[in-house]
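Peer 1: Here's a sequence, model it:
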Amino acid sequence: EVQLVESGGGMVQAGGSLRLSCAASGFDFSRYDMSWVRQAPGKGPEWVSHINIGGGSTYYADFVKGRSTISRDNAKNTLYLQMNSLKPEDTALYYCARFLQGSLDAWGQGTLVTVSS
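Peer 2: Take a look at the predicted model:
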């Protein structure tokens with residue numbers, strides 16, 4: 001069974017940092033690109049970041065570019081998102097997702113990030 005379990009969310013003041021983690025199991029993590037997606041209260045999901053299988057290629061939405069770093073440890077089957085200089089508008093449920101043939105085919109349950117002003 002494919003499982004993705006996010007952790008690391010919490011409440012932080014504006015300007016603070018958080019490191020999100022996503023533990024993967026039930027599939028060969030090293031063979032899949034991975035993404036982070038977020039959903040703010042009352043809004044639709046929006047893509048945040050993407051990383052290829054080896055970690056050598058990374059991509060970011062403009063709203064986190066320069067403030068966040070996606071990475072992965074294939075030996076630990078874990079995906080990360082380091083977020084710095086957090087803003088209140090970053091408040092959202094953050095999901096990790098597996099990327100397969102142009103779509104995100106497996107999602108975790110999400111971890112909540114709340115940024116206070």
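
Peer 1: Mind telling me what element the residue most central in space within the chain is part of?
Peer 2: Computing the C-alpha centroid of the chain and ranking residues by C-alpha atoms, centre = their mean puts residue 36 first, at 3.1 Å. Taking DSSP states H and E as the definition, residue 36 sits inside strand 33-39.

Peer 1: Buried residues of that strand, list them for me.
Peer 2: Residues 33-38 are the ones in strand 33-39 that count as buried (16 or more other C-beta atoms under 10 Å). In short, each C-beta sits where N, CA and C put it, glycine included.

Peer 1: So which residues lie in contact with that strand, not counting its own?
Peer 2: 20, 22, 24, 45-53, 70, 72, 79, 81, 90, 92-99, 104, 107, 110, 113 (C-beta atoms under 8 Å, 6 or more residues apart in numbering).

Peer 1: and with 6 Å instead?
Peer 2: Residues lying outside strand 33-39 but in contact with it, judged by C-beta atoms under 6 Å, 6 or more residues apart in numbering, are 45-53, 79, 81, 92-97, 99.

Peer 1: can you tell me which of those residues are in strands?
Peer 2: With strands defined by DSSP state E, the entries of those inside them are 45-51, 79, 81, 92-97, 99.
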